[in-house]
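**Q** Return a 3D structure for these sequence lines:
(one chain, ligands or ions: 1)
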Amino acid sequence: MSDLMDQLSKTVSYIRSRVKTEAKIGIVLGSGLGNLAEVIKVDEAIDYADIPHFPVSTVKGHGGKLLFGELGGKKVIVMSGRFHFYEGYGPHQVIFPVRVMKLLGVETLLLSNAAGGVNPNYKVGDLMIINDHISFFTTNPLMGKNDEAIGTRFPDMSEPYNKELIAKAHAIAKANNIKVHEGVYTAVTGPTFETRAEYKLIKVVGSDVVGMSTVQETIAAVHCGMKVFAVSVVTDIGIREDDNIITHEEVLQAAKDAEPKLTLLFTEMVRQC
Ligand code: HPA
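**A** All right, here's what the predicted structure looks like:
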């Protein structure tokens, strides 16, 4: 057994010793988007700090708990708080929980994040369904020894975000009068927000939003054969006019304001998955 598999099985055994819930759907909540956790009927909550080999989240706005419970009539596992590169974690640590969820039986992963809009049609508070991504400035999390028991050495990435789930999300958004965009998410490491020149570059290469998460988790999820659906909440506009200074507080506030739409969308997605 590889060292990674050994760690994963210890983590999974610990979680199984505490929780009996079996879930096929996993959810990762992004910055300022932790309130979905409040509509979940929680059976069990485990602090990340108690889980063997789990990194511990250090960022304001991230809860740091693995929740097991019910949403939209289905059992779910929810990461309330995720791990980012900019916190100093290695790429393998960032994706570790995705692999844990897979071994716990998760087949579909719903991801959310706060992101900066670079598409000029986007406004603060808008939702964007991610249909593709660009991994910019980030080390690929699958670098290093590959364990074939987890996935193949060279995974295809022609369709990282599941088309059927995207179609479902559009139908749900329409039925509930929620405006959604669909577009490309570009991942950067952060923690700096982008310079004027970087936002321009990110726009020119074909991105609609930019953020500091999600892509690594998506790569890991595709690698181990999960279906992925991901949504960005536009929390700031990355066009640097003279007075456009972006703060983390503003990002958290915008995420909070947009949260009810995201909660509804995710709840219905889970119900229909
Ligand atoms: N850039 C990068 N990450 C982000 C942004 C941004 O403008 N907003 C929220 N996360």
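**Q** does the residue in the stretch 101-250 of the chain that the ligand sits nearest to count as helix, strand or coil?
**A** Across the stretch 101-250 of the chain, the shortest distance to the ligand (Cβ to the nearest ligand atom) belongs to residue 116, at 2.0 Å. C-beta here means a position set from N, CA and C on the backbone, and glycine is covered the same way. Put simply, residue 116 is strand when judged by DSSP: H, G, I helix; E, B strand; the rest coil.
**Q** pLDDT score for the closest residue to residue 232 other than its chain neighbours?
**A** Closest residue to residue 232 apart from its sequence neighbours, by Cβ to Cβ, 6 or more residues apart in numbering: residue 115 at 3.9 Å. At residue 115, the model reports a pLDDT of 95.
**Q** give me the number of residues near residue 115?
**A** Residue 115: 31 surrounding residues under other Cβ atoms under 10 Å.
**Q** same thing with residue 1?
**A** Neighbours of residue 1 under the rule other Cβ under 10 Å: 10.
**Q** Identify the residues contacting it.
**A** Neighbouring residues of residue 1 by Cβ atoms under 8 Å, 6 or more residues apart in numbering: residue 9.
**Q** Distance from the chain centre to stretch 205-216, please.
**A** Relative to the chain's own centre, stretch 205-216 is displaced by 11 Å; criterion: Cα atoms, centre = their mean, to the nearest Å.
**Q** Please say whether there is contact between that stretch and the ligand.
**A** Yes. Judged by Cβ under 6 Å from any ligand atom, stretch 205-216 and the ligand are in contact via 210-212.
**Q** Quote the end-to-end distance of that stretch.
**A** Distance between the two ends of stretch 205-216: 19 Å, counting by Cα to Cα, to the nearest Å.
**Q** and for the longest helix seen in the chain, what are the contacting residues?
**A** If each helix of the chain is counted by residues according to DSSP state H, the longest one is helix 248-272. By Cβ under 8 Å, 6+ apart, the surrounding residues in contact with helix 248-272 are 25, 27, 30-33, 35-36, 39, 60-61, 71-74, 76, 110, 112, 114, 124-127, 165, 168-169, 172-173, 176, 178, 180, 229, 231, 233-236.
**Q** in it, what's buried?
**A** For helix 248-272, a neighbour-count test (16 or more other Cβ atoms under 10 Å) marks 248, 251-252, 254-256, 258-259, 261-270 as buried.
**Q** cool, stretch 7-27 as well?
**A** Applying 16+ other Cβ under 10 Å to stretch 7-27 flags 7-8, 11-12, 14-15, 19, 21, 23-27 as buried.
**Q** again with stretch 74-88
**A** 74-85, 87.
**Q** How about stretch 146-153?
**A** By neighbour count with 16+ other Cβ under 10 Å, stretch 146-153 contains the buried residues 146-147, 150-151.
**Q** Can you pull the residues of the stretch 1-150 of the chain lying near the ligand?
**A** Checking the stretch 1-150 of the chain against the ligand by Cβ under 6 Å from any ligand atom, the hits are 114-116.
**Q** just the strands in the stretch 1-150 of the chain please.
**A** Applying DSSP state E, counting those that start in this stretch to the stretch 1-150 of the chain gives strands spanning 25-29, 41-47, 65-71, 74-80, 108-117, 127-135.
**Q** Would you format the ones you listed as TSV with distance to residue 203 included?
**A** Below are the strands of the stretch 1-150 of the chain laid out as TSV (distance: least, Cβ to Cβ, whole Å):
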stretch	distance to residue 203
strand 25-29	26
strand 41-47	40
strand 65-71	35
strand 74-80	30
strand 108-117	10
strand 127-135	11
